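Asks: coordinates only, sequence not included:
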């Protein structure tokens with residue numbers, strides 16, 4: 001084993017040196033992280049001393065600790081989880097050693113009579129040489145730079161060698177020499193053990209190679225059998241994958257057929273009910289003897305049932321357009337406040353007397369500029385979410401909120417209610433087509449799936465928060481384009 005007497009590098013053995021550095025890094029990383037975390041806490045904790053004994057310098061000392069040293073140490077600690085840390089870690093630790101020591105040195109220059117900071121600088125030397133896994137050469141360079149910076153700073157500040165400065169130089173020099181001696185032999189024995197381990201590995205590799213040569217003939221005979229077994233296992237695994245995929249496709253097809261059958265049955269009922277009402281009340285309107293008040297009521301019911309049937313037909317048309325890819329997004333200038341006011345005003349006609357529909361006060365008080373998005377689709381989505389909330393809210397209120405995230409260029413909306421809520425199981429399938437949590441509720445079960453498809457087609461996303469008995473909140477966001485200011 002040949003080592004350079006000063007740098008302790010393996011002389012003429014670049015490959016061995018490279019392996020040692022990699023092994024040293026791997027072995028040192030856990031201790032370094034623990035040490036750096038502890039030192040960061042201690043460096044921050046000693047700010048209590050600043051507060052208790054140096055209140056007149058507190059701002060300066062806290063800036064040194066929390067504005068310079070601790071961010072550097074914390075950044076180094078976080079960087080240790082990066083794949084690039086191995087190439088720069090010794091240089092970074094050297095920088096941290098120098099900056100931490102320089103920080104304490106500057107405190108000593110400002111407050112030379114406070115002996116606590118002399119002990120602090122001794123702790124920095126001890127940590128740099130023995131605790132943070134700096135190699136000998138880096139630790140020595142950093143230690144002497146800190147000492148020279150301390151002495152130079154003292155001389156500039158005092159213009160003379162005071163007795164205290166001479167004593168400090170003596171002790172700090174002694175600490176550096178002790179640290180260098182200890183660090184030197186720690187690295188020396190670490191390299192020696194590594195070198196011996198490498199030699200043992202090489203000898204073991206030679207023995208293994210000889211053993212492998214003896215078994216080569218046996219391996220050659222068994223290779224073909226292993227290959228056949230591997231091919232057979234591969235075919236079996238492929239068959240299992242195909243079988244599982246066929247089962248999954250079959251189950252999905254059966255589920256789709258079941259949902260479509262249920263949808264057609266439900267649609268037949270949903271369309272027949274308003275149609276029967278329309279026919280019945282239209283027949284009653286033909287009677288000339290009914291009073292005017294009853295006539296108006298029958299007309300209102302006919303209009304209501306017509307709207308309901310038209311809404312169901314529109315749902316079918318919408319989902320057909322989405323599936324065929326014939327939907328186009330048309331960005332035009334919109335005002336969010338106007339859209340939300342129009343939607344809530346329209347939907348109030350469907351509310352029970354015990355239910356209120358409001359716009360969130362925080363949203364109303366925002367000043368939001370006009371934006372470009374698909375106003376028709378946005379209106380359609382809001383109406384559908386509010387309609388869904390109305391179905392499952394018997395009392396309380398439905399609240400609509402909106403806002404703008406200008407940094408990410410997103411329009412953000414939420415529709416919350418105080419209704420029956422949704423269980424965890426149903427939350428997983430709420431956006432599936434033909435899904436109705438209440439089989440007796442009106443509708444086709446397509447509304448939320450249409451909402452999700454439209455939002456995703458506009459480049460946004462939707463999610464929900466809910467639990468049984470605690471209501472539901474739907475949140476969605478969609479991109480927008482800013483309205484260009486007119487050119488003067």
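Replies: Happy to help now that I have it. As the structure is a computational prediction, the values presented were derived from the model and not from experiment. Numbers count the residues shown, from 1 in each chain.

Asks: can you give me the helices for the stretch 201-350 of the chain?
Replies: If DSSP state H, counting those that start in this stretch is used as the criterion, the helices of the stretch 201-350 of the chain fall at 292-324, 336-347.

Asks: centre-most residue in the chain?
Replies: Centroid-nearest residue in the chain, with Cα atoms, centre = their mean: residue 408, separated by 15.4 Å.

Asks: quick one: it is in a strand?
Replies: No: read with DSSP: H, G, I helix; E, B strand; the rest coil, residue 408 is coil and lies in no strand.

Asks: let me know the pLDDT of it.
Replies: pLDDT, residue 408: 92.

Asks: ditto for the one 3 residues further on
Replies: In the prediction, the pLDDT value recorded for residue 411 is 93.

Asks: any idea where the strands of the stretch 301-450 of the chain begin and end?
Replies: Secondary structure of the stretch 301-450 of the chain (DSSP state E, counting those that start in this stretch): strands located at 332-334, 355-359, 371-373, 396-405, 410-417.

Asks: just want the angle from the fourth one to helix 336-347.
Replies: Think strand 396-405. In terms of direction (axes from the mean of the first three to the mean of the last three Cα atoms, to 10 degrees), strand 396-405 departs from helix 336-347 by 160 degrees.

Asks: before we move on, back to that, for the helices of the stretch 201-350 of the chain, which has the smallest mean pLDDT value?
Replies: With a mean of 67, helix 292-324 has the lowest mean pLDDT of the helices of the stretch 201-350 of the chain.

Asks: so how far is residue 458 from residue 328?
Replies: Applying Cβ to Cβ, to the nearest Å, the value for residue 328 to residue 458 is 11 Å. All C-beta atoms are positioned from the backbone trio N, CA, C, and that covers glycine.

Asks: one more: residue 202?
Replies: Distance of residue 202 to residue 458, computed by Cβ to Cβ: 64 Å.

Asks: now the strands of the stretch 301-450 of the chain in TSV, with mean neighbour count and distance to residue 75?
Replies: Shown next, in TSV, are the strands of the stretch 301-450 of the chain (neighbours: other Cβ atoms under 10 Å; distance: least, Cβ to Cβ, whole Å):
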stretch	mean neighbour count	distance to residue 75
strand 332-334	14	44
strand 355-359	17	45
strand 371-373	20	39
strand 396-405	19	29
strand 410-417	21	31
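
Asks: looking at those, which is nearest to residue 190?
Replies: Closest to residue 190 of those is strand 396-405 (Cβ to Cβ; 53.3 Å).

Asks: paired strands for that closest one, with orientation please.
Replies: Its sheet considered, strand 396-405 pairs with strand 355-359 (parallel), strand 410-417 (antiparallel) by DSSP bridges.

Asks: more neighbours, residue 202 and residue 458?
Replies: Counted by other Cβ atoms under 10 Å, residue 202 and residue 458 do not tie: residue 458 has more neighbours, with 22 against 10.

Asks: element containing the closest residue to the more buried one other than its chain neighbours, please.
Replies: Leaving aside its sequence neighbours, residue 458 sits nearest to residue 478 (Cβ to Cβ, 6 or more residues apart in numbering; 4.7 Å). Here residue 478 sits within strand 472-479, counting by DSSP states H and E.

Asks: re the thing from before, so which of the strands of the stretch 301-450 of the chain gets nearest residue 68?
Replies: Closest of the strands of the stretch 301-450 of the chain to residue 68 is strand 396-405, at 34.3 Å (criterion: Cβ to Cβ).

Asks: got the angle for the closest one vs strand 472-479?
Replies: 20 degrees.

Asks: what sits up against strand 396-405?
Replies: Defining contact as Cβ atoms under 8 Å, 6 or more residues apart in numbering, one finds that strand 396-405 is touched by 336-337, 340, 343-344, 351, 354-360, 362-363, 366, 368-369, 371, 382, 386, 389-390, 410-419, 471, 477, 480.

Asks: tell me the mean pLDDT for that strand?
Replies: Here strand 396-405 scores 93 as its mean pLDDT.

Asks: can you check stretch 65-83 too?
Replies: Stretch 65-83 shows a mean pLDDT of 92.

Asks: got the buried residues for that stretch?
Replies: 65, 69-70, 72-73, 76-77, 80 (16 or more other Cβ atoms under 10 Å).

Asks: same question, stretch 464-475
Replies: Using 16+ other Cβ under 10 Å as the test for burial, stretch 464-475 gives 464, 466, 471-475.

Asks: widest-spaced pair of these?
Replies: Farthest pair in the buried residues of stretch 464-475 (Cβ to Cβ) is 471 and 475. Separation: 13.4 Å.

Asks: next, count neighbours for residue 284.
Replies: For residue 284, the neighbour count with other Cβ under 10 Å is 15.

Asks: what's the spacing between it and residue 306?
Replies: Counting by Cβ to Cβ, the separation of residue 284 from residue 306 is 15 Å.

Asks: do residue 174 as well
Replies: For residue 174, the distance to residue 306 (Cβ to Cβ) stands at 98 Å.

Asks: ok, those two, which is more surrounded?
Replies: The neighbour count for residue 174 versus residue 306, taken as other Cβ under 10 Å, is higher for residue 306 (14 against 11).

Asks: you'd agree that one is up against residue 277?
Replies: No: if you go by Cβ atoms under 8 Å, residue 306 and residue 277 don't touch, sitting 9.3 Å apart.

Asks: name the element residue 185 belongs to?
Replies: Using DSSP H and E, residue 185 maps to helix 163-285.

Asks: what packs against that helix?
Replies: When contacts are defined as 3 or more Cβ pairs under 8 Å, 6 or more residues apart in numbering; DSSP states H and E, helix 163-285 sits against helix 14-45, helix 116-126, helix 136-158, helix 292-324.

Asks: report the mean confidence score over the first one.
Replies: Averaged over helix 14-45, pLDDT sits at 88.

Asks: before we move on, the earlier item: now do the helix holding residue 185 and helix 136-158, the angle between them.
Replies: Using the same axes, to 10 degrees: helix 163-285 against helix 136-158 is 110 degrees.

Asks: now do helix 163-285 against helix 116-126, angle only.
Replies: 80 degrees.

Asks: where's helix 163-285 relative to the chain centroid, distance-wise?
Replies: Taking Cα atoms, centre = their mean, to the nearest Å, one finds the center of helix 163-285 at 20 Å from the center of the full chain.
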